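*Asks:* structure of the sequence below:
(one chain, ligands or ions: 1)
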Amino acid sequence: MYRIQDSPKVALRLFQYIKAAFEEQDINPIPLNYYLWYQYYKGDNPQFRQEMDAILKDEMGYSDRIGRRLYNDYFAVDTTTSEFDKALRRLINLMVKKIHVWNEKLDTHSHELEDSTARLKEQNLNIDDVRQITSNVLNTANSMQQTNIEFQQAMLENSQEIQKLRQQLLAVQTESLQDELTEVGNRKALNMAMEQALEEAKEYGTKFCLVITDIDHFKKFNDTYGHLIGDSVLRYFAKVIKRNQGSNEQIFRYGGEEFVLILKNTTLQEAYQRAEDLRNQVSSAHLKLKNSNQEIKMITASFGIAELQPEQDNQDSIFARADKALYQAKREGRNRVITEQDE
Ligand SMILES: Nc1nc2c(ncn2[C@@H]2O[C@H](COP(=O)(O)OP(=O)(O)OP(=O)(O)O)[C@@H](O)[C@H]2O)c(=O)[nH]1
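*Replies:* Numbers count the residues shown, from 1 in each chain. As a prediction, the model looks like this:
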């Protein structure tokens with residue numbers, strides 16, 4: 001749900017700009033694009049505006065895919081994280097209050113001690129006075145010890161609570177980056193991983209290859225066997241990719257029947273070999289229906305690969321080249337691997 005809170009007059013004016021830009025640049029008129037372009041013309045987020053300006057200047061221009069990424073980067077609100085954030089703030093406020101109370105108590109105790117020390121210096125103290133003062137000092141020392149124990153106990157409980165919150169937060173964050181069906185990274189995780197890989201490439205000169213793979217004629221498969229068996233095939237496909245996952249390799253489900261691999265420190269030739277192995281494993285599998293043991297139609301997949309060009313690539317450009325190679329693989333008859341060099 002995209003919310004706009006401006007007056008109708010402002011909204012109307014911005015929509016007029018959007019309408020003209022959509023026509024001129026052939027932008028897909030879907031709600032997400034309207035929302036993003038509205039934010040662009042409104043200009044409240046300078047960083048977003050700057051990135052949009054750069055995209056519009058680039059020859060690849062704006063696309064739905066870029067729009068989805070921009071929305072995730074700038075406008076999607078992670079409600080689970082903000083809930084944890086609130087809980088953590090509450091806990092920290094509580095700790096700060098406890099520290100104040102502890103400080104006040106300690107202040108009172110040290111004043112009591114100072115009073116007792118001052119009294120000890122008085123002339124003409126009799127034995128009863130000294131007894132009284134000594135007993136006061138002891139009482140104060142006892143109270144101090146008690147205050148300390150209580151304080152330590154409270155701090156321990158709070159830090160355990162914080163630890164628990166942190167663990168829950170980590171679990172939720174991991175979950176929010178995982179595709180539920182196939183248990184590989186989801187699109188959000190892919191965006192983050194791409195960003196990181198590009199930063200590493202800039203900083204350390206490390207290269208990577210991007211592989212996009214898509215199960216062939218999956219619509220027909222769903223139509224023949226139903227979506228539930230289609231889902232099992234998606235899980236199976238992800239399992240095959242995960243089975244020989246190298247330490248330099250990250251796997252994501254981009255959406256539908258499309259998966260993406262980031263292969264770090266890998267040449268185009270090595271990436272091709274890895275994709276060929278996967279293609280062979282998938283196409284040679286004999287899958288059976290669980291209930292009837294009936295063998296189901298062979299599944300195949302097509303692959304497109306691009307290698308990072310560190311000087312000029314960004315997330316969208318390397319993705320577009322791998323996507324183009326994949327499209328070529330589909331056009332040439334599917335069940336094949338095409339690298340950007342083969343085109
Ligand atoms: N079972 C199942 N099907 C899905 C899921 N996500 C997307 N699909 C289906 O995947 C199919 C993709 O179809 P198309 O994009 O037309 O592609 P295709 O039939 O694989 O054809 P090519 O890619 O050209 O080989 C559609 O029928 C979607 O409904 C999912 O999570 N589960």
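
*Asks:* drop to CA atoms for contacts and neighbour counts, all remaining ones
*Replies:* Will do.

*Asks:* what ranges do the helices span in the stretch 201-343 of the chain?
*Replies:* Per DSSP state H, counting those that start in this stretch, the stretch 201-343 of the chain has helices spanning 218-225, 227-243, 268-283, 315-331. These are given in chain order.

*Asks:* and the angle from the second one to helix 218-225?
*Replies:* With axes from the mean of the first three to the mean of the last three CA atoms, to 10 degrees as the criterion, the two stretches helix 227-243 and helix 218-225 enclose an angle of 130 degrees.

*Asks:* hang on, the earlier thing: out of the helices of the stretch 201-343 of the chain, which one sits most buried?
*Replies:* helix 315-331 (a mean of 20; mean count of other CA atoms under 10 Å).

*Asks:* and that helix, what does it pack against?
*Replies:* On a contact count with 3 or more CA pairs under 8 Å, 6 or more residues apart in numbering; DSSP states H and E, helix 315-331 meets helix 187-204, strand 208-215, strand 301-307, strand 337-339.

*Asks:* so the residue of the stretch 51-200 of the chain found nearest the ligand is in which element?
*Replies:* Sorted by distance to the ligand under CA to the nearest ligand atom, the residues of the stretch 51-200 of the chain start with residue 181, at 7.4 Å. Taking DSSP states H and E as the criterion, residue 181 maps to no regular element, lying outside all helices and strands.

*Asks:* quick check: pLDDT value at it.
*Replies:* Confidence at residue 181, expressed as pLDDT, is 91.

*Asks:* hey, which helix or strand in this protein has the poorest pLDDT?
*Replies:* Of all helical and strand segments in the chain, the minimum by mean pLDDT, DSSP states H and E falls on helix 79-120, at a mean of 81.

*Asks:* distance from that one to the middle of the chain?
*Replies:* Shown here is helix 79-120, whose average C-alpha point lies 36 Å from the average C-alpha point of the whole chain (CA atoms, centre = their mean, to the nearest Å).

*Asks:* quick one on the thing from earlier: how far away is the residue of the stretch 51-200 of the chain closest to the ligand from residue 232?
*Replies:* With the distance defined as CA to CA, to the nearest Å, residue 181 ends up 9 Å from residue 232.

*Asks:* SS state for residue 124?
*Replies:* Per DSSP: H, G, I helix; E, B strand; the rest coil, the local secondary structure of residue 124 is coil.

*Asks:* can you list the helices of the stretch 201-343 of the chain in CSV and add mean pLDDT and distance to the ligand?
*Replies:* What follows is the helices of the stretch 201-343 of the chain, written out as CSV (pLDDT from 0 to 100; distance: least, CA to the nearest ligand atom, whole Å):
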stretch, mean pLDDT, distance to the ligand
helix 218-225, 92, 3
helix 227-243, 94, 4
helix 268-283, 97, 14
helix 315-331, 95, 6
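
*Asks:* for residue 16, which of those is the nearest?
*Replies:* Comparing the helices of the stretch 201-343 of the chain against residue 16 with CA to CA, the closest turns out to be helix 315-331 (28.1 Å).

*Asks:* from the contact counts, what lies against the longest helix anywhere in the chain?
*Replies:* In the chain, assigned by DSSP state H, the helix with the most residues is helix 127-176. Other helices and strands packing on helix 127-176, by 3+ CA pairs under 8 Å, 6+ apart, are helix 79-120.

*Asks:* how much does the helix it packs on deviate in direction from helix 127-176?
*Replies:* Using the same axes, to 10 degrees: helix 79-120 against helix 127-176 is 170 degrees.

*Asks:* burial of residue 165, as a residue count?
*Replies:* For residue 165, the tally of surrounding residues (other CA atoms under 10 Å) stands at 17.

*Asks:* my error: substitute residue 83 in the last question.
*Replies:* With other CA under 10 Å as criterion, residue 83 counts 12.

*Asks:* point out the most buried one among the helices and strands packed on helix 315-331.
*Replies:* With neighbours defined by mean count of other CA under 10 Å, none of the helices and strands packed on helix 315-331 is more surrounded on average than strand 301-307, at a mean of 28.

*Asks:* quick check: pLDDT value at residue 190.
*Replies:* pLDDT for residue 190: 94.

*Asks:* just give me how far stretch 183-191 sits from the chain centre.
*Replies:* Relative to its chain's centre, stretch 183-191 lies at 8 Å (CA atoms, centre = their mean).

*Asks:* span of that stretch from start to end?
*Replies:* For stretch 183-191, the separation between the terminal residues is 16 Å (CA to CA).

*Asks:* who touches it?
*Replies:* Stretch 183-191 has contacts (CA atoms under 8 Å, 6 or more residues apart in numbering) with 69, 72, 177-179, 238, 251-255.
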